[in-house]
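*Asks:* Requesting a structural model of the entry that follows:
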Amino acid sequence: MLQDMSSLSREVEYVQNPALGGMLVWNFSVGYEENSEIRSAVPLPLLFIVLPIVLHEATFRFVLNTQERSGLRALAAKFSTSRESKSDLILAIHDRALQMRSLTMESLTFAIASNLLMLDMMSGKAIPLSQTPLRAGIPQSIRPMFDGTKKLGSWCSKLSLYEISIILKVGF
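*Replies:* Got it, this is the predicted structure:
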């Protein structure tokens, strides 16, 4: 049993690490900026929902199974209209965001130190410094995370922080 716990801890560390998190929040930012009508940078508070959605398998499955053109409202609707109501998953995003706050901060620090993101202190927005698509060196097992974060960024770029907070039941 002790061995199972240590291997589980290692698995969590492999996925929930600042390097991967930094890449995911950067990719979300790229999706946000590319799809914003005015090429706007992403508001900093919005980055705190990325990891709680993407690193939670059941929630992320809904992201992957929602077409990009459908949008965030369609994603949220799926939680209540699936065969078994999964509304608890959307309600848990806020709590997971609070629990993962330090991981998100460490991930942002990594993204900034790696010159992937820059923070504009005057506007409170994160600006992606590179928009070069990821090509090589990304394991197949995590490629869907990059597709999903870009899609999530695209969806969020079409909405205000207020609308996102209502749709996803999160507070900023």
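
*Asks:* so what's Glu106 up against?
*Replies:* 18, 21 (C-beta atoms under 8 Å, 6 or more residues apart in numbering). In this view, the C-beta of every residue, glycine as well, is placed from N, C-alpha and C.

*Asks:* Am I right that it is in a helix?
*Replies:* Yes. Residue assignment for Glu106, taken from DSSP: H, G, I helix; E, B strand; the rest coil, places it within a helix.

*Asks:* Tell me how far it lies from Leu64.
*Replies:* The span separating Glu106 from Leu64 equals 25 Å under the rule C-beta to C-beta, to the nearest Å.

*Asks:* Can you pull out the low-pLDDT segments for this structure?
*Replies:* Counting by pLDDT under 70, the low-confidence segments of the chain come to 1-16, 82-85.

*Asks:* can you pull out the strands in it?
*Replies:* For the chain, the strands defined by DSSP state E cover 42-43, 117-120, 125-128.

*Asks:* partners of the second one, with directions?
*Replies:* Strand 117-120 has these partner strands in its sheet, going by DSSP bridges: strand 125-128 (antiparallel).

*Asks:* Could I get the buried residue list for the strand it pairs with?
*Replies:* Within strand 125-128, the residues that qualify as buried by neighbour count (16 or more other C-beta atoms under 10 Å) are 125-126, 128.

*Asks:* Also stretch 95-112?
*Replies:* Counting neighbours by 16+ other C-beta under 10 Å, one finds that the buried residues in stretch 95-112 are 96-97, 100, 103-104, 106-108, 110-112.

*Asks:* Packing partners of the lengthiest helix in the chain?
*Replies:* For the chain, the helix with the greatest residue count under DSSP state H is helix 18-35. Counting contacts by 3 or more C-beta pairs under 8 Å, 6 or more residues apart in numbering; DSSP states H and E, the secondary-structure elements packed against helix 18-35 are strand 42-43, helix 50-54, helix 101-113, strand 117-120, strand 125-128, helix 143-157.
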